[in-house]
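Novice: How does the following fold in three dimensions:
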Amino acid sequence: MAHNPKTQDNLLEFIRLVKWNCRLASAGGAYHYSLCGLLLRLRQLYKWEHGMQPWQEPDPDAVLAWVAEQEKVWESLEDAPWQPLVWDGVDFEPQDVDGVNAALLPLGLAYGAGLSRGLKPTFFLGELAELRRDGELTILILGRELARDLDGTPALCQGTLIYARHEAMGFYVWDRLADPVQQNNEFLKIALAGHGLKLKGLLRDPGAHEPQFRALLAAELEAAIHHEIGEAREPSLRQALPLVLASFPQTRVEHWARGLKDALAEVNECGRLSYLITNRNLPSLALMLAWRPGLYNLLMPELEPACRRVAAEGDWEALEEARQQILARLRRTAAGLTELMAAGEAAAAPATLKEIEQQYLAPLGL
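Specialist: Here you go, the predicted model:
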């Protein structure tokens, strides 16, 4: 990063503006989380703001006081406008990632903006650890972050631009590991063993196991990148999904359609599962199974038995057969959904919603 005084002044002001928009995004997005989900994300944000490692535990009283202050800030921001981002005398809209990054990438910085849960804006700014080009895709891998909001998604796809965030992945993985319900997760045990780790030992003395934990994070960030590549290159829901999100927000159909999108990104030719099979990556495969969303069991029932065969017998060919079978079925589902939603304005009609529920959700018990 350049140390020219003018550049440093530009950067300080730019960070201030991004942080303003991050606070505004947090204020608007907080109510989309459950209480537990919100508290978890607030703890992550507190740790990040105070320069703590994922495994370090903050003082509870300090966190409570900080949360109360955040709530006051959020209340004060009601109806506040987004701030344009000023760099070297040029104003950029907060969502203009191409314009902003054209200025920042040569300086070793990367800016992110997108839509998170509930189609709410999210923003972040960090040091650029790596830039990759993969065909039409640009992949920005962030290291130390200079500004972020409550969302903290470790990887994000926005069209042909993919973000992957080292710090956010660290907080995400550690919080999942520290969840007491993980103690007897057999797939998690397989994943950790692949990195020379045991859960109790890691939780008891994380500092002594930091190299192995960092290796696990690097592997999971790479796996997450390939999930986003799969999403970027999956054509089957490009027409239907935006219509579903607009027509049936906050419904079971939206939840199912998002799950279908994610499942397709996992199993298509460019997605995470193909990457793991090609590289015979059992630890990351096991972690994918350990933390899979509940909808995956319904949308991809072949996945767990095939993964068990890999773990027990090293039968990667069976997993590849299952992947292809799942992909064909999910693409048929996506084609049917696209046909149902193709009626334009009529797609929002109650009859369309009922048809989707009967044809696709009811057989899954949803």
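Novice: Residues in contact with the helix or strand containing A110: which ones?
Specialist: Remark: A110 resides in strand 109-115, with elements defined by DSSP states H and E. In this structure, residues lying in contact with strand 109-115 by CB atoms under 8 Å, 6 or more residues apart in numbering are 1, 11, 18, 85, 94-97, 100-101, 104, 121-128, 131, 140, 142, 146, 156, 158, 163, 165. C-betas here are computed from N, CA, C, even on glycine.
Novice: Quick check: can you name the pairing partners of it and their directions?
Specialist: Partner strands for strand 109-115, per DSSP bridges, with pairing direction: strand 121-134 (antiparallel).
Novice: quick one: the partner strand to chain centroid distance?
Specialist: Taking the mean of its C-alpha atoms, strand 121-134 sits 13 Å from the chain's own mean (CA atoms, centre = their mean, to the nearest Å).
Novice: what packs against the next helix or strand after that strand?
Specialist: From strand 121-134 onward toward the C-terminus, using DSSP H and E, the following helix or strand is strand 137-148. Using 3 or more CB pairs under 8 Å, 6 or more residues apart in numbering; DSSP states H and E as the contact criterion, the elements in contact with strand 137-148 are helix 5-29, helix 35-49, strand 109-115, strand 121-134, strand 161-165, helix 166-178, helix 210-232.
Novice: Show me the domain layout of the protein.
Specialist: Taking automatic domain parsing as the criterion, the chain consists of the domains 5-58+81-169, 226-364.
Novice: count of residues packed around Q239?
Specialist: The local packing of Q239 (other CB atoms under 10 Å) involves 14 other residues.
Novice: next one: the one 5 residues further on
Specialist: The local packing of V244 (other CB under 10 Å) involves 27 other residues.
Novice: Quick check: pLDDT value at it.
Specialist: Per-residue confidence at V244 stands at 93 (pLDDT).
Novice: secondary structure element for it?
Specialist: With DSSP H and E as the criterion, V244 is inside helix 240-247.
Novice: and that helix, which residues are buried?
Specialist: 240-241, 243-245, 247 (16 or more other CB atoms under 10 Å).
Novice: Let me know the next secondary structure element after that helix.
Specialist: Next along from helix 240-247, by DSSP H and E: helix 252-267.
Novice: What are the buried residues along that next one?
Specialist: Going by neighbour count (16+ other CB under 10 Å), the buried part of helix 252-267 is 253-254, 256-267.
Novice: and if you look at stretch 275-295?
Specialist: Within stretch 275-295, judged by 16+ other CB under 10 Å, the buried ones are 275-277, 281-292, 295.
Novice: can you check stretch 148-166 too?
Specialist: Neighbour-count burial for stretch 148-166, with 16+ other CB under 10 Å as criterion, is recorded at 148-157, 161-166.
Novice: which residue sits closest to E145, ignoring its sequence neighbours?
Specialist: In this structure, E145 finds its nearest non-sequential neighbour in G126, 3.9 Å apart by CB to CB, 6 or more residues apart in numbering.
Novice: can you map out the strands along the stretch 251-366 of the chain?
Specialist: Taking DSSP state E, counting those that start in this stretch to define them, one finds no strands in the stretch 251-366 of the chain.
Novice: Quick one: low-confidence residue ranges for it.
Specialist: In the predicted model of the stretch 251-366 of the chain, residues 344-348 satisfy pLDDT under 70.
Novice: Nearest to E78, out of the helices and strands packed on strand 137-148?
Specialist: helix 5-29 (7.5 Å; CB to CB).
Novice: now the angle between strand 109-115 and the closest one, please.
Specialist: Direction vectors for helix 5-29 and strand 109-115, defined by axes from the mean of the first three to the mean of the last three CA atoms, to 10 degrees, enclose an angle of 20 degrees.
Novice: which residues are contacting helix 5-29?
Specialist: When contacts are taken as CB under 8 Å, 6+ apart, the neighbours of helix 5-29 outside the stretch itself are 45, 70, 73-75, 77-78, 80, 82-88, 94, 107, 109, 111, 116-118, 120-125, 146-151.
Novice: Repeat the analysis, applying 7 Å as the threshold.
Specialist: By CB atoms under 7 Å, 6 or more residues apart in numbering, the surrounding residues in contact with helix 5-29 are 73-74, 77, 80, 82-83, 85-88, 94, 107, 116-118, 120-123, 125, 146-151.
Novice: Among the residues you listed, the buried ones, what's the ChimeraX command?
Specialist: Under the burial definition 16+ other CB under 10 Å, those of those that qualify are selected in ChimeraX by:
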select :74,77,85,87,94,107,116,120,121,122,123,125,146,147,148,149,150,151
